Structures are given as C-alpha cells and as structure tokens.
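Undergrad: coordinates only, sequence not included:
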C-alpha cells in the first residue's frame, strides 16, 4: 500500500461533513468488520456450554471463511448486475438472519452451519461497501478513504472486545448484538442510500476470477497467501484455548491485536513500501512472523508471553496483509476486482483449514505444536515469494496506487 499525500492530509472537516448515506454504509462497515474477531473470545465458552470439542468450535471459523472465500468468486458477478445498493442490502439481510439463527442455535453443529451463511452475507457486503462510500462521499475520494479505513480499523479492534464483553454474559450475546446492529445498518441503508443508475453497470464474467489464477504472478501470490494465512489463523483462532483467560480477558488481548494490526496496515506498511520493494518487505516480514510464532510456542504456558506474541504478531500481520494484497493489485493487467477475488478465494482456504488443524495437532502432540507448524507454514510462504520473484518483477516496479485501490488493498488484506 503506497500512501498518497492527499489521503493522509485531508481536512477533518471534509471527513466529517458527509452525506447521511455515507455514514450509514460506514456504520455497517464497522459492524461487518467486527465479525472477523467477534467469535474469538467465546470459543472456550461455546465449547463448555454446548459440550463441544475445541476442534468443533474452531469450525465456526472454518465454515465462515470457507463460504466467504467461495462467495468471493461470484460477488463481482452479482454486484455488477444488481448494483451496489441491492447487493449491500442482500448482504446485510443475510448476515442479520444467520447471526440471529446462530444466537438461537441449540448445538454446535447448527451454529457452525449458520456461521457459513453469515460468511456469504459478509462477502456480498464487503465486496460492495468501498465503491459505495467512494461514490457517495463529499470532500473528494481522499476523505472517503480515510473514513473507510477508520471504519475498518474500528471494526477489527472492537470485534474481539465486544465479543468478550457480551460473551461474559452468554455466548449468544455477540450473535444477538451483531444481528441487532446489522438490522439497524440495513434500515439505514434502505432509507438513506440513493438508488443507483443501473444503466452504468458493467457486468463481469462469472469465470473471470478462476481464469485469473492461471496468471503466474497471481498463482505465486495466492499460494504464498494460502500458507501465510495458516499462520494468521493459528494465532487468531487457536490462541484463546491455551491463553486460559475468560471471555473478557481474551477480548482485551485481541483488542490489542486488532489495534496493532490496524495501525501497521494503515501507517507502517506504506512507510516500508516507499523505501523498499514490496517483495523485499515480504521476505523480511514473513520470517519475523515465523519467529513470533515460534516464540508463541515457546511461551505457550506463560500468559504474559503469549499475550505479547499475539500483539506483536498483529503488528506484523498488518504489514504482510496489506503488502501481499497490494502486490496482487499491481501484479497484472487484470481488473483489480478480478485479481483480488481470485487471490482471496485461495487465501481463505488457508484460513479455513488452520483453526481445526491447530486443535487436532494440540490434541495429538502438545499445546505448542500448532505454533511451530504455523511458523513452518509461514516460512514456506516466504520461500514461495523468494522462488517466484521473477513472476513478481512487476510488483516491485509498479507505480503508486489510486486512493480507491489503496483502500481495496487494506480491505482485502484485513478481512482474510
């Protein structure tokens, strides 16, 4: 992500002076991004209250991420035909329904299934929200992007905290809370967002994302992201079990994780990519992340040590997320929405596999084993980037992105 001066220096007044429809979408964005870490603090509680194994509860992440990833292959096809407002409303409605059903679930299998439906709604929403804010915002694109980045950062940081606070009362609390807030967002968008001119829509082919995976650069980046995402979600989804905190303690821990991730993705990543080629940043940050995961394994019996590794890992994840996705945006002449959809669909597979794999490994070996395996996976990601650097030559010589592309990079990086 290359920072652009107009994004970072937009006046506060232009950011805050926005039409009502922009605030409606921004509010819904915060809630949608909260869903990334909302479940984290209540995993141990769900396991206890629903008599589920840790592996079964980790499937709450797997079903959500797998369906989100598969849906990413078709969201551009859908939104390019229905238009942004209809796509946003369908996505929000699906989230409301399945979050409410998850809250009412009587067993872990039902909650897992309802999280899958939630993932479908989330994919439809997040694929359309950015374009909607940019199109409706006043004060220029730069003000819109700052507002969008702020919504994303707030959602990532607040999700685990809200999950912990509501989860301390009942594991159903975070799901009811999300359904309520998303229903408010749905009403706000239905009332405040203007109907678009459908004659301006440019339909995207259904096969476009799959065809993009044949491109060598996209294939290298997608493979690297798959193995990297295993490390990401071992840290995020497995850690609540060895950490040993209650819901509030886990929530505050991953609030720190989310804040660190948001700060580095928005400010540190552009600082590094202005000074170093993108592939160099990745070849440095991925081994550092692997070392952090090794440290998490070494300190798995220390709450202080594990919390430190989680927050430090969040800082590294923020950089890698943004630089990886930014690289996808610049790697080819493909439409960026198509390239991002193809990349994200493969990347989400790693996120879907990692949580249950971690608990299985912990059961077969030791509590530290998942972190060591995650570290090895991240090293594989670094090797893929190194060995595929010829295919990524364009990534290191591309010019700076537009404001909207910068935000697309942040979004695709953080939601996966």
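TA: The structure has been received and is ready for your questions. Here the structure is a predicted model, which is why all the values come from computation and not from measurement.

Undergrad: Any regions of this structure where pLDDT drops low?
TA: 1-16, 131, 134, 137-146, 149, 337, 398-416 (pLDDT under 70).

Undergrad: And for residue 349, the neighbour number?
TA: 18 (other CB atoms under 10 Å). To be clear about C-beta, it is placed using only N, CA and C from the backbone, and glycine gets the same treatment.

Undergrad: Ok, residue 117 next?
TA: 19.

Undergrad: is it true that it touches residue 101?
TA: Yes - counting by CB atoms under 8 Å, residue 117 touches residue 101, with 7.4 Å between them.

Undergrad: Tell me the spacing between the residue lying closest to residue 396 once chain neighbours are set aside and residue 327.
TA: Distances taken as CB to CB, 6 or more residues apart in numbering put residue 277 closest to residue 396, at 3.7 Å, once the chain neighbours are dropped. From residue 277 over to residue 327 the distance is 10 Å, taken as CB to CB, to the nearest Å.

Undergrad: Then residue 174?
TA: According to CB to CB, residue 174 and residue 327 sit 34 Å apart.

Undergrad: Quick one: residues contacting residue 226.
TA: Applying CB atoms under 8 Å, 6 or more residues apart in numbering, we find residue 226 in contact with 346, 347, 349, 350, 381.

Undergrad: Pick the one among those closest to residue 228.
TA: Using CB to CB, residue 381 is the member of the contacts of residue 226 that sits closest to residue 228, with 4.1 Å.

Undergrad: just checking, residue 171 touches residue 52?
TA: No - under the criterion of CB under 8 Å, residue 171 makes no contact with residue 52, lying 10.6 Å away.

Undergrad: who touches both of the two?
TA: Common neighbours of residue 171 and residue 52 (CB under 8 Å, 6+ apart) are residue 46.

Undergrad: More neighbours: which of those two?
TA: Comparing residue 171 with residue 52 by other CB under 10 Å, the one with more neighbours is residue 171, at 27 against 20.

Undergrad: and the more buried one, helix, strand or coil?
TA: coil (DSSP: H, G, I helix; E, B strand; the rest coil).

Undergrad: Which secondary structure element is home to residue 159?
TA: Residue 159 is part of helix 140-167 when elements are defined by DSSP states H and E.

Undergrad: what's stretch 24-32 in contact with?
TA: The contact list for stretch 24-32, computed with CB under 8 Å, 6+ apart, reads 18, 88, 92, 95, 122, 125-126, 129, 132-133, 136, 147-148, 150-152, 154-155, 158, 178, 181-182, 184-186, 188-189, 191-193.

Undergrad: How about stretch 101-108?
TA: Counting by CB under 8 Å, 6+ apart, 46, 50, 52, 56-57, 59, 110-111, 114-115, 117-118, 172, 175-176, 179 sit against stretch 101-108.

Undergrad: Of these, which count as buried by neighbour count?
TA: Neighbour counting over the contacts of stretch 101-108 (16 or more other CB atoms under 10 Å) leaves 46, 50, 52, 56-57, 59, 111, 114-115, 117-118, 172, 175-176, 179 as the buried ones.

Undergrad: Out of the residues you listed, which sit inside helices?
TA: Among the buried ones among the contacts of stretch 101-108, the residues falling in helices (DSSP state H) are 46, 56, 57, 59, 111, 114, 115, 117, 118, 175, 176, 179.

Undergrad: of all these, which two lie farthest apart?
TA: 56 and 179 (22.5 Å).

Undergrad: quick one: buried residues of stretch 49-66?
TA: So stretch 49-66, judged by 16+ other CB under 10 Å, has buried residues 50, 52, 54-66.

Undergrad: circling back to that earlier point, and the furthest pair within the contacts of stretch 101-108?
TA: 56 and 179 (22.5 Å).

Undergrad: Ignoring the adjacent residues along the chain, who's closest to residue 47?
TA: residue 57 (4.7 Å).

Undergrad: Verify the stated contact: residue 33 with residue 150.
TA: No - applying CB under 8 Å, one finds residue 33 not in contact with residue 150, separated by 10.9 Å.

Undergrad: Looking at the two now, which is surrounded by more residues?
TA: Neighbours were counted for residue 33 and for residue 150 using other CB under 10 Å; residue 33 has more, 28 against 16.

Undergrad: Point me to the residue sitting farthest from the middle of the chain.
TA: For the chain, the largest distance from the centre (CA atoms, centre = their mean) belongs to residue 199, which lies 31.8 Å off.

Undergrad: Report the contact partners of residue 177.
TA: Residues in contact with residue 177 (CB under 8 Å, 6+ apart) are 162, 166.

Undergrad: separation between it and residue 240?
TA: Remark: distance between residue 177 and residue 240 (CB to CB) = 19 Å.

Undergrad: got it, and residue 389?
TA: For residue 389, the distance to residue 240 - CB to CB - is 37 Å.

Undergrad: Between those two, which is the more surrounded one?
TA: residue 240 (29 against 17).

Undergrad: ok, that one - contacts?
TA: Neighbours of residue 240 in contact, by CB under 8 Å, 6+ apart: 40, 41, 43, 44, 250.

Undergrad: on that earlier part again, wait, the residue nearest to residue 47 touches residue 41, no?
TA: No - contact criterion CB under 8 Å: residue 57 and residue 41 do not qualify, at 11.9 Å.

Undergrad: end-to-end on stretch 188-201?
TA: End-to-end distance for stretch 188-201, by CA to CA, to the nearest Å: 23 Å.

Undergrad: same check, this time on stretch 239-258
TA: The first and last residues of stretch 239-258 sit 14 Å apart, counting by CA to CA.

Undergrad: now swap in stretch 226-245 and tell me
TA: Termini of stretch 226-245 sit 29 Å apart (CA to CA).
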